[in-house]
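Participant: predicted model and sequence follow; I will ask about them next.
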Amino acid sequence: MTAPTVSTLPSVTTLEAIQQRLLWLAVRIVDYANHDRANHDRPPAEIKVGGHQASSASMVGIMTSLWFGHLNGDDKVAVKPHASPVYHAIKYLTGELDRSYLTQLRAYGGLQAYPSRTKDPDVADFSTGSVGLGAVAPLFAAMARRYIEAHFGPQRPARFIALVGDAELDEGNIWEAIADPALQGLGNVMWIVDVNRQSLDRVIPGMKVHKLMKFFADSGWHVVEAKYGHLLREAFAQPGGELLRRHIDDMSNEEYQSLFAHRGTALRERFLAGADGELVRFMAGVPDEELAPLVQNLGGHDLRVLAEAYRAADAQAERPSVVFAYTVKGWGLPIAGDPLNHAALLSRRRSTHSGPRSGSTSSTSGTASILIRRRAGCARPWAVRS
């Protein structure tokens, strides 16, 4: 299936600006529901309405690169349930959701907790509230499309995409669908797994991502790994860079996640604790202010790497593809990597003043630079003003 041509794609700089707007909007949608809106005649903040700011943040890069740099009008996407605030933020930016709904998350008649075709005003593809069912829906939709084309002739090209949380891969129905012979050979299917290595309120210590990748490959799927961003890839290619790769690969999930709470000298001390002397000397060439953007440069937050992964999936026309995109839950927020951040809500001070963090290449900070400013009647959703 075809994606937008390179000449029509927005630049990485533009995509990064959109990503920051989506992050702020998604966080604020949840923040307003919990802190500003009176619920059931009770004052704001007295009832926890809920929402998943950290889970939304882990998906913001994946969804930015997908919607604004890859999708066509006939593509169908099943959105990870906890990323619904990001989805609604996208639909607001593209002019498909009225602004009034942004203050109505989990309100009666407002935006649902999870994407719903029957209750949300902007969900047209798949309802994904039941864990695991939304993930396999695009597979069966692609099978139905194949049947229609076999019996009634070619249709307009469409891809069927699922955005899946890594913990959803614990659901048995997913593996039943993957192994189903009737669902083989669907080259217009792509799954993107959000590998944030957290499930509820803990970091998964022994998540065997490569074992999961092997399960897919053994079932005939094309597997793409988006583990490292372009900054780390460039560092690995330098003399001595293999030491850096090995050091990161050997770190436990808990140890690596904890790095997102530190920057500068504190990050250097924590990251290089017990490291080989050669690696310490190699990292001495990285200034403190550049250390966090480098060490925390995961592929699932690197828009260039994600675009490459999606194109690699498109190149496989005879079998479905799965992209394992490594992320951190809470990316760009003060709670990034915190094992207790699953259902955590930013404080009012943090919500109001949160700026880009966790390896963001943007130099801006504060909400003033990332508030939405849309052009009325803008023909292209990425044509946003700074």
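Facilitator: It's in. Numbers count the residues shown, from 1 in each chain.
Participant: mean confidence for stretch 164-181?
Facilitator: On average, the pLDDT along stretch 164-181 is 92.
Participant: and stretch 151-166, how far out from the chain middle?
Facilitator: Distance, stretch centre to chain centre, for stretch 151-166: 20 Å (Cα atoms, centre = their mean, to the nearest Å).
Participant: list the buried residues in it.
Facilitator: A158, R159, F160, I161, A162, L163, V164, G165, D166 (16 or more other Cβ atoms under 10 Å). Glycine gets a C-beta too; all of them are placed from N, C-alpha and C.
Participant: kindly report the same for stretch 252-264.
Facilitator: N253, Y256, Q257, S258, L259, F260, A261, H262, R263.
Participant: which one of the buried residues of stretch 151-166 is nearest to D314?
Facilitator: R159 (7.6 Å; Cβ to Cβ).
Participant: just list the residues touching the closest one, thanks.
Facilitator: M1, L71, N72, D75, K76, N188, V189, M190, D314 (Cβ atoms under 8 Å, 6 or more residues apart in numbering).
Participant: ranking by neighbours, what's the top pick from those residues?
Facilitator: M190 (31 neighbours; other Cβ atoms under 10 Å).
Participant: which elements pack onto the helix or strand hosting that one?
Facilitator: Using DSSP states H and E, M190 falls within strand 189-195. In this structure, strand 189-195 packs against helix 53-69, helix 133-152, strand 160-165, helix 303-314, strand 321-326, with contacts taken as 3 or more Cβ pairs under 8 Å, 6 or more residues apart in numbering; DSSP states H and E.
Participant: can you tell me the closest non-neighbouring residue to V123?
Facilitator: Closest residue to V123 apart from its sequence neighbours, by Cβ to Cβ, 6 or more residues apart in numbering: P115 at 4.7 Å.
Participant: where's that neighbour relative to L139, distance?
Facilitator: 17 Å (Cβ to Cβ, to the nearest Å).
Participant: can you check G187 too?
Facilitator: Taking Cβ to Cβ, one finds G187 at 12 Å from L139.
Participant: spit out the residues that contact the two alike.
Facilitator: P320.
Participant: how is this structure partitioned into domains?
Facilitator: Domain segmentation of the chain under automatic domain parsing yields 6-229+298-369, 238-292.
Participant: how long is the last one from one end to the other?
Facilitator: Yep, that's domain 238-292 we're talking about. Counting by Cα to Cα, to the nearest Å, you get 18 Å between the two ends of domain 238-292.
Participant: what mean pLDDT does that domain get?
Facilitator: 94.
Participant: please name the nearest non-neighbouring residue to L298.
Facilitator: Y326 (4.6 Å).
Participant: tell me the pLDDT at the one you found?
Facilitator: 96.
Participant: for it, name its beta-bridge partners.
Facilitator: On the basis of DSSP bridges, Y326 is bridged to V195.
Participant: that one touches V195, doesn't it?
Facilitator: Yes - between Y326 and V195 there is a contact at 4.7 Å, judged by Cβ atoms under 8 Å.
Participant: which neighbours do the two share?
Facilitator: G300.
Participant: returning to that earlier point: please identify the deepest-packed of the domains of the chain.
Facilitator: Comparing the domains of the chain by mean neighbour count (mean count of other Cβ atoms under 10 Å), domain 6-229+298-369 ranks first with a mean of 19.
Participant: okay, the closest residue to A317 other than its chain neighbours and R146: tell me how far apart.
Facilitator: Nearest non-adjacent residue to A317, counting by Cβ to Cβ, 6+ apart: G187, 4.2 Å away. For G187, the distance to R146 equals 10 Å [Cβ to Cβ].
Participant: can you check G241 too?
Facilitator: In terms of Cβ to Cβ, G241 sits 44 Å off from R146.
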